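Colleague: show me how the following folds:
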Amino acid sequence: MHIEPRLLDFIALGIFAVVAIFLVYLVIYIHDIPYEIAKKRNHPHAEAIHAAGWVSLFLMHTIWPFLWIWAYLYRPDAGWGMEKVEIEPSEELKGRLRAIDELERKVAELERKLAEKEGAR
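Modeller: From the prediction side, this is the model:
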């Protein structure tokens, strides 16, 4: 059985074209991963991440890892992960706050007495 060399050239060219097209789609798919993560997490900047993914294709993929991090920073249940923490005041601060409250009470009492004296005149 004899295969024409020209036929093998066309088969190799076809395989090369299929592999090249597959690689192009693979690169595009990989660059859309941060966008898909952001979309799944309802990220408020999902569209910006998507646009930056396309820009990353032209910047030799330098910003792509940062897009991945950006997409993962936002969590649907906790937002950006910055929670409010209640800080308990120290005993020294509590004492100062009590002293301020006492001074405010005394000033209010003195103002009331002064108003009564001025009203009596």
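Colleague: pull the longest helix from this structure.
Modeller: For the chain, the helix with the greatest residue count under DSSP state H is helix 91-120.
Colleague: average pLDDT for that helix?
Modeller: Confidence for helix 91-120, expressed as mean pLDDT, is 92.
Colleague: any buried residues in that helix, and which?
Modeller: If you call a residue buried by 16 or more other CB atoms under 10 Å, then helix 91-120 has no buried ones at all. Backbone N, C-alpha and C define where each C-beta goes, glycine included.
Colleague: how about stretch 52-60?
Modeller: For stretch 52-60, by 16+ other CB under 10 Å, it's 52-53, 56.
Colleague: still on that earlier bit, which strands and helices lie in contact with the longest helix of the chain?
Modeller: With contacts defined as 3 or more CB pairs under 8 Å, 6 or more residues apart in numbering; DSSP states H and E, helix 91-120 has no helix or strand neighbours.
Colleague: centre of the chain to that helix, how far?
Modeller: Mean-position distance between helix 91-120 and its chain equals 48 Å (CA atoms, centre = their mean, to the nearest Å).
Colleague: so how many other residues sit close to His31?
Modeller: The tally of other residues near His31 (other CB atoms under 10 Å) stands at 19.
Colleague: can you check the pLDDT for Glu88?
Modeller: As summarised for this prediction, Glu88 has a pLDDT of 85.
Colleague: for Arg75, that is, sorry about that
Modeller: As predicted, Arg75 sits at a pLDDT of 84.
Colleague: ditto for Lys84
Modeller: Taking Lys84 on its own, its pLDDT is 67.
Colleague: and the helices in this structure?
Modeller: Per DSSP H, the chain has helices spanning 5-31, 33-40, 46-58, 64-73, 91-120. These are given in chain order.
Colleague: in TSV: the ones you listed, plus distance to Gly79.
Modeller: Output for the helices of the chain, formatted as TSV (distance: least, CB to CB, whole Å):
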stretch	distance to Gly79
helix 5-31	26
helix 33-40	14
helix 46-58	14
helix 64-73	10
helix 91-120	30
